[in-house]
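> Predicted structure and sequence below. I'll ask about it afterward.
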Amino acid sequence: MANNKISVPSVLAFERKIACSDAVLSQGVFASIGDVNAWTPIEVQEKSIRGVISNRLKSNDEKSMSNSNLQKIDYASLSNMNDTLRLDFTVKVLSGVDKTSACNSFDFIKVIKEKIQSVSFDEFLELGKLYAYSILSARFLWRNRLCADKVKTIVKFDNGEFIEVDSLDYPLKDIKTDGNSNVEKLGTKIAEVLAGKSDFLLLTVECYAQLGKGQEVYPSQELTQTEKSKKVLYRVIDSPSSNSKHAAIHSQKIGNAVRTIDIWHPEYAEFGPIAVEVYGSVTNIGKAFRSQKGSDFYSLFDNWFAKEKDLSRNERLYVIACLIRGGVYGDVKSN
């Protein structure tokens with residue numbers, strides 16, 4: 001389909017193609033990996049502490065500086081009998097990268113379908129292996145990974161097959177996907193779905209991090225709106241009749257780790273991979289790695305789909321990864 005130029009529609013949205021569940025935190029001992037009955041949930045608890053004032057003060061008032069800082073906070077930790085954190089979650093991979101979930105231009109729908117279907121399987125395989133590497137490296141542990149002596153990740157397929165790896169053998173900054181049979185196997189299965197060769201793939205992920213007996217663990221922290229709110233940790237409840245508050249990590253945080261595959265941004269050599277975002281935003285360091293016009297998603301998307309300009313392989317991979325991420329990408333100027 002030949003188009004010299006076509007307007008980006010005002011209504012344009014893509015559904016997420018890699019969907020992660022919440023991750024529930026359990027505890028046990030590292031030697032009990034494989035024994036399903038040896039693991040118990042980690043519960044969020046509350047503690048009252050008397051700290052000291054450490055925030056910036058408007059004046060050098062010694063009395064204010066010497067006041068106690070009384071507070072209640074949520075915390076979660078392993079028991080004194082257990083040395084290992086276990087995470088359980090699922091990942092669903094869906095096909096249909098070339099399909100919009102909402103679009104008010106049928107001509108643009110046809111352009112997207114034509115462009116995506118022209119992408120080679122080899123390019124989808126490269127993306128699949130990057131997603132596979134993120135999972136096998138246990139990046140989703142976040143802070144829990146930093147202090148672990150051992151990390152073992154098991155990825156189970158719905159046909160009974162599984163992959164088991166030592167995740168500390170997979171560096172987080174220097175990603176190498178070639179020559180690794182486990183990355184190749186998992187990456188191929190992911191790529192086959194993204195390329196439309198299969199409809200979907202369901203992965204069950206178990207991860208074990210040996211931290212040390214009684215050590216603190218780090219679930220997600222909830223956003224609180226009031227100025228003096230205590231630290232609140234995310235928890236899930238087994239059933240309406242249960243009062244147990246099992247520590248967990250948000251599905252959004254798991255998904256962010258899985259899509260940390262942007263190795264094509266301009267400062268990869270210094271900062272390593274970042275999560276796939278339209279402006280390359282990394283909020284915890286206050287930087288947008290794709291803020292320069294021409295490297296952001298919208299510039300590349302418009303060039304490829306609306307202006308019929310060729311993109312480099314790396315640019316195409318980044319744009320497709322943003323479509324897999326999902327989002328609302330319509331052009332307000334089209335209203």
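Looks like it came in fine.
> Quick one: low-confidence residue ranges for this protein.
1-4, 63, 225-229, 239-243, 334-335 (pLDDT under 70).
> how does it divide into domains?
Domain assignment for the chain, taken from automatic domain parsing, gives 15-30+40-49+71-260, 262-328.
> start to end distance for the shortest one?
This means domain 262-328. Domain 262-328 has an end-to-end distance of 20 Å (C-alpha to C-alpha, to the nearest Å).
> try stretch 191-205
18 Å.
> now it, how far from the centre of its chain.
17 Å (C-alpha atoms, centre = their mean, to the nearest Å).
> What residues of that stretch count as buried?
191-196, 201, 203, 205 (16 or more other C-beta atoms under 10 Å). Any C-beta I mention is one placed from the backbone N, CA and C, and that applies to glycine too.
> again, but for stretch 212-231
215, 217-220.
> can you give me the strands in the stretch 51-200 of the chain?
Taking DSSP state E, counting those that start in this stretch, the strands of the stretch 51-200 of the chain run over residues 68-75, 84-94, 102-103, 150-157, 162-166, 200-210.
> Return the most buried member of the ones you listed.
Most buried of the strands of the stretch 51-200 of the chain by mean neighbour count (mean count of other C-beta atoms under 10 Å) is strand 84-94; its value is a mean of 21.
> what are the pairing partners of that strand, and which direction each?
strand 18-20 (antiparallel), strand 23-28 (antiparallel), strand 200-210 (antiparallel) (DSSP bridges).
> what's residue 290 in contact with, if anything?
Listed by C-beta atoms under 8 Å, 6 or more residues apart in numbering, the contact set of residue 290 reads 265-266, 277-280, 296-297.
> Out of those, which end up buried?
For the contacts of residue 290, buried by 16+ other C-beta under 10 Å: 265, 277-278, 280, 296-297.
> which one of those is nearest residue 73?
Nearest to residue 73 among the buried ones among the contacts of residue 290, counting by C-beta to C-beta, is residue 277 at 30.5 Å.
> What about the closest one? Give its phi and psi, please.
phi -140, psi 160 (degrees, to the nearest 10).
> Now do it against residue 326, distance only.
Per C-beta to C-beta, to the nearest Å, residue 277 is found 12 Å from residue 326.
> where do the helices sit along the chain?
62-66, 106-117, 121-136, 143-146, 181-194, 251-258, 268-271, 297-301, 313-325 (DSSP state H).
> still on that earlier bit, among the strands of the stretch 51-200 of the chain, which comes closest to residue 141?
strand 200-210 (5.8 Å).
> and that closest one with helix 251-258, angle?
Angle of strand 200-210 versus helix 251-258, following axes from the mean of the first three to the mean of the last three C-alpha atoms, to 10 degrees, is 90 degrees.
> and the angle from strand 200-210 to helix 121-136?
30 degrees.
> Tell me which residues are up against strand 200-210.
Residues contacting strand 200-210 (C-beta under 8 Å, 6+ apart): 30, 33, 83-95, 135, 138, 140-141, 144-145, 148-158, 167, 189-190, 192-193.
> So what's the gap between that strand and the chain middle?
13 Å.
> Which residue comes closest to the most centrally placed residue in the chain once chain neighbours are left out?
Compute the mean C-alpha point of the chain, and by C-alpha atoms, centre = their mean the closest residue is residue 256, 2.1 Å away. Once flanking residues are discounted, residue 256 sits nearest to residue 275: 4.9 Å by C-beta to C-beta, 6 or more residues apart in numbering.
> Good, we can wrap up now.
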